[in-house]
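> Task: produce atomic coordinates for the following.
(one chain, ligands or ions: 1)
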Amino acid sequence: MSFWPMMASLPLLPAIVLGLGRHRARAAQLCYVVLTWMLRLLRGQVCATKTHSFVFSHCTHGNANSVLEAFDVYAETHASASLGPQIGQALNEVVKHVRPSRVLELGMNCGYASVLLLRLLPPDGKLLTVEQDPAVADLGEEIILVAGFKQTQFQVLTGSSGHIIPTLQSLLEEAPGTSSTFNLVFMDHDPQQYLLDLQALEKEGLLCPSGCSIIAIIRNQRVLKELREMVQARPECYIIKSLNNEMIELFFQRVHSK
Ligand SMILES: C[S@@+](CC[C@H](N)C(=O)[O-])C[C@H]1O[C@@H](n2cnc3c(N)ncnc32)[C@H](O)[C@@H]1O
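A predicted model of the protein is given here:
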């Protein structure tokens, strides 16, 4: 369910609980789930707002490196959902090696990785970045613009990855003369979605058949296990290129049988 219909229905929750009589226990459980979800969303927005205002007021506008430095300074003293300097550096090295031109990012937040990725794209490169929370998406987009990038170089897509992925093919086709697949996918959103989203991207034909790197931030060991099992089960298409405590890099290639 999207944010605002959920917000609007919040005042009705007590009435629903009381009105449901014998289903009261179930309704109360549902209320608990909804409230927990909303609190988490609100906490995420507060955290993103604080990060955004610090970066906005402590960086040199138009200078992407200065924007990244401001994020790093903020992370030294505050809790933040953004990638820290250590993972940022590791991501920087991997992406420099991959040299992608068309990148999909899942989970933009305030735009730290978006700025890092855009810095490394060629002049005709493009980043599509997905963020489920509209308020956070606006903050991230502003940071990307503050870093000096133009609307022609990136596109922010607001919605959950599961909803956005099936729409990407037609979106890419709308931009004539450009490739309709990605050669880098960066995942730092909901770890429970990593495998599902990767499978959906492959099914939609969005991974470049001649080679696509998939970089995922590891925030959950169970998800790492799932990804490793998937690679083991599909050795003809996937390999693990690199792995450390924070990040896994997969490589996808579709081998055509004769
Ligand atoms: C850890 S933060 C991403 C940090 C970001 N990579 C950076 O460099 O600053 C995760 C973000 O993913 C978003 N998110 C979580 N699940 C999502 C989904 N299924 N689709 C799109 N965005 C999602 C959250 O709202 C949050 O802003």
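> can you tell me how far residue 31 sits from residue 119?
Applying Cβ to Cβ, to the nearest Å, the value for residue 31 to residue 119 is 45 Å. The C-beta positions use only the backbone N, C-alpha and C, and glycine is treated the same way.
> make that residue 68, sorry
In terms of Cβ to Cβ, residue 68 sits 8 Å off from residue 119.
> In terms of packing, which of those two has more residues around it?
The residue with more neighbours, out of residue 68 and residue 119, is residue 68; 23 against 17, by other Cβ atoms under 10 Å.
> and that one, helix, strand or coil?
helix (DSSP: H, G, I helix; E, B strand; the rest coil).
> now stretch 213-220, how far from the chain's geometric center?
10 Å (Cα atoms, centre = their mean, to the nearest Å).
> wait, does it contact the ligand?
No: shown here: stretch 213-220 not in contact with the ligand (Cβ under 6 Å from any ligand atom), separated by at least 7.1 Å.
> cool, and stretch 101-108?
Yes: judged by Cβ under 6 Å from any ligand atom, stretch 101-108 comes into contact with the ligand through 106, 107.
> Which positions within stretch 240-258 qualify as buried?
Within stretch 240-258, the residues scored as buried using 16 or more other Cβ atoms under 10 Å are 247, 248, 249, 250, 251, 252.
> Would you mind checking the average pLDDT for that stretch?
Averaging pLDDT along stretch 240-258 yields 89.
> Can you tell me what sits against that stretch?
Outside of stretch 240-258, the residues within contact range by Cβ atoms under 8 Å, 6 or more residues apart in numbering are 86-87, 90-91, 94, 202, 207-218, 224, 227-228, 231, 236-239.
> neighbours around residue 130, how many?
A count of nearby residues for residue 130, using other Cβ under 10 Å, gives 24.
> Quick check: phi and psi at the residue nearest to residue 173 when sequence neighbours are not counted.
Leaving aside its chain neighbours, residue 173 sits nearest to residue 180 (5.8 Å; criterion: Cβ to Cβ, 6 or more residues apart in numbering). Main-chain dihedrals, residue 180, degrees, to the nearest 10: phi -100, psi 20.
> measure stretch 168-188 end to end?
18 Å (Cα to Cα, to the nearest Å).
> That one close to the ligand?
Yes: Stretch 168-188 is in contact with the ligand by Cβ under 6 Å from any ligand atom, via residue 188.
> Please identify the buried residues of that stretch?
Within stretch 168-188, the residues that count as buried by 16+ other Cβ under 10 Å are 168, 172, 180, 181, 182, 183, 184, 185, 186, 187, 188.
> quick one: which of those sit in helices?
168, 172 (DSSP state H).
> Now, the buried residues of stretch 168-188 that are in strands?
Within the buried residues of stretch 168-188, residues falling in strands by DSSP state E are 184, 185, 186, 187.
> Need the nearest residue in space to residue 122, chain neighbours excluded.
Excluding its sequence neighbours, the residue lying closest to residue 122 (Cβ to Cβ, 6+ apart) is residue 101, at 5.6 Å.
> show me what contacts the most centrally placed residue in the chain?
For the chain, the residue nearest the mean C-alpha position is residue 107 (1.8 Å; Cα atoms, centre = their mean). Neighbouring residues of residue 107 by Cβ under 8 Å, 6+ apart: 130, 131, 161, 187, 188, 189, 190.
> Report whether the helix or strand hosting the first one contacts the ligand.
In this assignment (DSSP states H and E), residue 130 forms part of strand 126-131. Yes: applying Cβ under 6 Å from any ligand atom, one finds that strand 126-131 is in contact with the ligand at 130, 131.
> what does that strand rub up against?
Applying Cβ under 8 Å, 6+ apart, the contact partners of strand 126-131 are 101-109, 111, 114, 117-118, 121, 137, 140, 153-159, 161, 164, 168, 171, 175, 178, 182, 189.
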